[in-house]
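[1] next come a sequence and a model predicted from it.
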Amino acid sequence: MIAALPRVRLPIPILAGLLLTTSAGAVTWTPIGPEDGGFYNYDLAVAPSDPSIVYGGSFGGLFKSIDGAATWTPSDANLQPTNIAAIGSVVPAVAVDPQNASIVYAALSQSGVARSTDGGVTWTTSARGLGSALFPLVLVVDPLDSNVLYTVTAKGVYKSKNAGARWRHSNGGLRGVSVNTLVIDPVNPETLYASAYPDGVYKSVNGGRRWVESDNGLGATTTVGSLAIDPSNSSNLYATTYSGVFKSTNAGLTWFLSSSGLGQLPGYSVAVDASAPLTVYAATPDGIYKSTDGAANWNKVSVSGIGGYVFSLQADTSNPPALYAISGGVVKSTDGGVTWTRSMTGFRSVFASTLAFESADPATVYTASFGGVYKTVDGGTSWSLSPVSGGGLAVQPRTIATDPSNAMIVYAGGETGEGYPPVFKSLDGGATWNPSGTGITSEITQLLVIDPTSPSTLFAATYDGGVFKSTDGGGLWSSLTTSPQEVDIQSMIMDPTDSSTLYLATEGQGPYKTTDGGATWTQKINGLIDPNDFFASFRNTDDETIAIDSQNPSTLYLGTLDGVVFKSIDGADTWVKMTALPNFRAHVVVDPADSSVVYAGTTGGGVFRSPDGGVTWAPFNTGLDSLVNLTLSFSPGGQLFAGTTHSVFRLDP
């Protein structure tokens, strides 16, 4: 419970919200990778009129290639979050106008559908008509009328007749089902097919106004993962299911299993060769299979470069076609699916949510994303990945901590399940991992902090279970019962001059402080509460990060979810509002070499810099091609790094 305390003002000049242009010398942000995306590459779209143009949608935004996926560049400069709930420019689907490769559409997870008419340089976004039905997952453009397009959300199918400016529900007959795939007849675009869970396939012959079941032969509860239409004969359709590949030769009226050679392998995705329509490709857990007789018989063709979960299999319009797939990132084949090469140069879509450094080697950097823990030992030239479920790592990492006395000891905390603890430990620099969270009752560890004076002492801040402490290197943890419970702890820092003093930033309860190693905690909200404005008080205590001045440990900064920065010069006893940054989620750090210089990373505005202890601020984004900042951190050598939706950046002179 937040108590209403009187507002206290510090005796320093405050220019709240004032942004000035400041100079920090000739410095720039340099991307250092990793170039990856793994499972979190979502969709690929090859321009039908120019196969050299390919777009890739991912958790880290939208990327574009103009050389057939040999190299990629970000294409989401102004696809920034528009609401405080957004965490990034997540692009689950992308589509290119079949008649004009410069017109491209991108589905934005929380903002609607964006349209570009200049090849992805600039964008306009519209959610008009979608209402609360955001999270579009599929995009399809009418091949004969570029103004007509369709999208699929959790509330069904929507249609636009004016190039995405306005949307109308087009869901008649689809009530109660979840649509996951949509394809359009290339000859008669009024005919569409939708795969739906758990009811197989639906068909519309009137541009989506009305849908009817079209799954005779599939079974009433067959889950269809993907659909493909023969471009030379639109009566021929293919559907992938957990039982294999099904085919229809009468426009979906009836279906039959067409999986000879596939056995019981499930089909993940299917693609048809436009230049030789009897040639069909299917992605399976065993690699790529190919049929040259319209899916009557299949043979495995892939021998290298692809495997495991494969989705978004596509064939471009060249003759013979190049094949694209997502399999641990983007892969491409130019020999009919026999060999595949990884095509991720420049595709920096790792959601770099945390950073950690080896204390004795500035070239060694760790970052974590949903797919696992990444490590570089050469300053970002190359990266290795310890994937989730690989090498014993059974946690989706959110935080990493390195032992300052032993470079081989690394800890990873995050979200887990299936009986695993939310902390894992490596004794070989992140190559292999073992559970190290006995005693932690929460399923999510948000933050890990190591006592530099006694590296076997660690603190773990959890999502809803408070703070836990270990004094034996993570072997056994005990709950610090007076720490804030049932609250999301967003940030935890230790006083660099007194390891018994720690601070927390929480979501909804403001900052907390302990001066006895976690035995007792005190809420520190003096100056954050306005007795005349409940909502402002709530926003001020909805905190994102807390930072400490290493040269003057009584000076702290607090960044809120709203993008407001507060400052304390008395060890968090009182706070004063410094500025309201024009974006969300302020991640604050203090330059360890110059206490007057403070940085704040935001969602949508990139990084801001203050040269005067938080009084004035200015954008600080030269070289930064992602304005969605997830974390800021100084290396032991004093160099600033930023984790973004486009991987990791380093601030270079």
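    Nice, thanks for sending it over.
[2] please make it C-alpha for all contacts and neighbour counts, starting now.
    OK.
[3] got the buried residues for stretch 529-545?
    The neighbour-count criterion (16 or more other Cα atoms under 10 Å) identifies 529-530, 537-545 as the buried residues of stretch 529-545.
[4] then stretch 510-530?
    Result for stretch 510-530 [16+ other Cα under 10 Å]: buried residues 510-515, 517-518, 521, 523-530.
[5] ok, now stretch 121-128?
    Buried-residue list, stretch 121-128, by 16+ other Cα under 10 Å: 123, 125-127.
[6] in strands, which of those residues appear?
    125-126 (DSSP state E).
[7] could you dump the buried residues of stretch 121-128 into JSON lines and include distance to residue 562?
    Conversion of those to JSON lines gives the following (distance: Cα to Cα, whole Å):
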{"residue": "123", "distance to residue 562": "25"}
{"residue": "125", "distance to residue 562": "23"}
{"residue": "126", "distance to residue 562": "24"}
{"residue": "127", "distance to residue 562": "23"}
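[8] go through the buried residues of stretch 121-128 and say which is closest to residue 151.
    The shortest gap between residue 151 and any of these belongs to residue 127, at 11.2 Å (Cα to Cα).
[9] which pair of the buried residues of stretch 529-545 spans the longest distance?
    Every pair of the buried residues of stretch 529-545 checked by Cα to Cα; the farthest is 530 and 545, at 20.5 Å.
[10] all helices for the stretch 1-150 of the chain, in order.
    Ranges of helices within the stretch 1-150 of the chain: none, based on DSSP state H, counting those that start in this stretch.
[11] okay, strands next: where are they in it?
    With strands called from DSSP state E, counting those that start in this stretch, the stretch 1-150 of the chain shows them at 28-33, 41-46, 54-58, 61-65, 73-74, 93-96, 104-108, 112-116, 124-126, 138-141, 149-153.
[12] and what of the stretch 201-350 of the chain?
    Using DSSP E, counting those that start in this stretch, strands in the stretch 201-350 of the chain cover 212-213, 224-229, 237-241, 244-248, 256-257, 269-272, 280-284, 287-291, 299-300, 311-315, 323-326, 330-333, 341-342.
[13] can you tell me what sits against the second one?
    Strand 224-229 is touched from outside by 180-185, 195-197, 200-201, 235-242, 267-272, with contacts defined as Cα atoms under 8 Å, 6 or more residues apart in numbering.
[14] run the chain-centre distance for it.
    When distances are taken as Cα atoms, centre = their mean, to the nearest Å, strand 224-229 is centred 26 Å away from the chain's centroid.
[15] look up how far residue 323 lies from the nearest residue to residue 318 once chain neighbours are set aside.
    Nearest non-adjacent residue to residue 318, counting by Cα to Cα, 6 or more residues apart in numbering: residue 51, 6.7 Å away. For residue 51, the distance to residue 323 equals 11 Å [Cα to Cα, to the nearest Å].
[16] can you check residue 295 too?
    According to Cα to Cα, residue 295 and residue 323 sit 17 Å apart.
[17] shared neighbours of residue 51 and residue 323, which are they?
    residue 316.
[18] for the buried residues of stretch 121-128, which one is nearest residue 318?
    residue 123 (28.3 Å).
[19] what's the pLDDT at the closest one?
    Per-residue confidence (pLDDT) for residue 123: 90.
[20] hang on, residue 204 packs against residue 190?
    Yes: applying Cα atoms under 8 Å, one finds residue 204 in contact with residue 190, separated by 7.4 Å.
[21] in terms of neighbours, single out the busier of those two.
    Under the criterion of other Cα atoms under 10 Å, the comparison of residue 204 against residue 190 puts residue 204 first, with 21 against 15.
[22] my read: residue 205 touches residue 191, true?
    Yes: with contact defined as Cα under 8 Å, residue 205 counts as touching residue 191 (4.3 Å).
[23] and the residue nearest to residue 318, how far is that from residue 511?
    Using Cα to Cα, residue 51 is found at 53 Å from residue 511.
[24] residue 153 is nearest to which of the strands of the stretch 201-350 of the chain?
    Across the strands of the stretch 201-350 of the chain, closest to residue 153 is strand 224-229 (Cα to Cα), at 16.0 Å.
[25] sorry, back to before: the strands of the stretch 1-150 of the chain: which one's closest to residue 632?
    strand 28-33 (12.3 Å).
[26] tell me which strands that closest one pairs with, and in which orientation.
    If you go by DSSP bridges, strand 28-33 pairs up with strand 647-652 (antiparallel).
[27] for the buried residues of stretch 121-128, which one is nearest residue 606?
    Ranked by distance to residue 606 (Cα to Cα), the buried residues of stretch 121-128 are led by residue 123 at 18.3 Å.
[28] residue contacts, that closest one?
    78-79, 114-117 are the contacts of residue 123 under Cα under 8 Å, 6+ apart.
[29] TSV for the strands of the stretch 201-350 of the chain, including mean neighbour count and distance to residue 419?
    Output for those, formatted as TSV (neighbours: other Cα atoms under 10 Å; distance: least, Cα to Cα, whole Å):
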stretch	mean neighbour count	distance to residue 419
strand 212-213	18	41
strand 224-229	25	30
strand 237-241	26	31
strand 244-248	24	33
strand 256-257	18	39
strand 269-272	26	32
strand 280-284	27	30
strand 287-291	24	31
strand 299-300	17	37
strand 311-315	24	29
strand 323-326	25	30
strand 330-333	24	33
strand 341-342	17	35
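[30] least confident of the ones you listed, on average?
    Of all the strands of the stretch 201-350 of the chain, mean pLDDT reaches its minimum on strand 311-315 (a mean of 84).
[31] which residue packs closest to residue 99, ignoring adjacent ones?
    That would be residue 49: by Cα to Cα, 6+ apart, it lies 6.3 Å from residue 99.
[32] let me fix that: residue 63
    residue 74 (4.3 Å).
[33] residues near the one you found, how many?
    Other residues within reach of residue 74, judged by other Cα under 10 Å, total 22.
[34] ok, residue 417 next?
    12.
[35] mind listing what it touches?
    Per Cα under 8 Å, 6+ apart, neighbours of residue 417: 395, 443.
[36] okay, residue 218: pLDDT?
    88.
[37] sorry, back to before: now the buried residues of stretch 529-545 as CSV including secondary structure, distance to residue 436 and pLDDT?
    Shown next, in CSV, are these (DSSP: H, G, I helix; E, B strand; the rest coil; distance: Cα to Cα, whole Å; pLDDT from 0 to 100):
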residue, secondary structure, distance to residue 436, pLDDT
529, coil, 39, 85
530, coil, 42, 76
537, helix, 38, 71
538, helix, 36, 67
539, helix, 35, 75
540, helix, 35, 74
541, coil, 32, 82
542, strand, 30, 82
543, strand, 29, 79
544, strand, 27, 86
545, strand, 26, 94
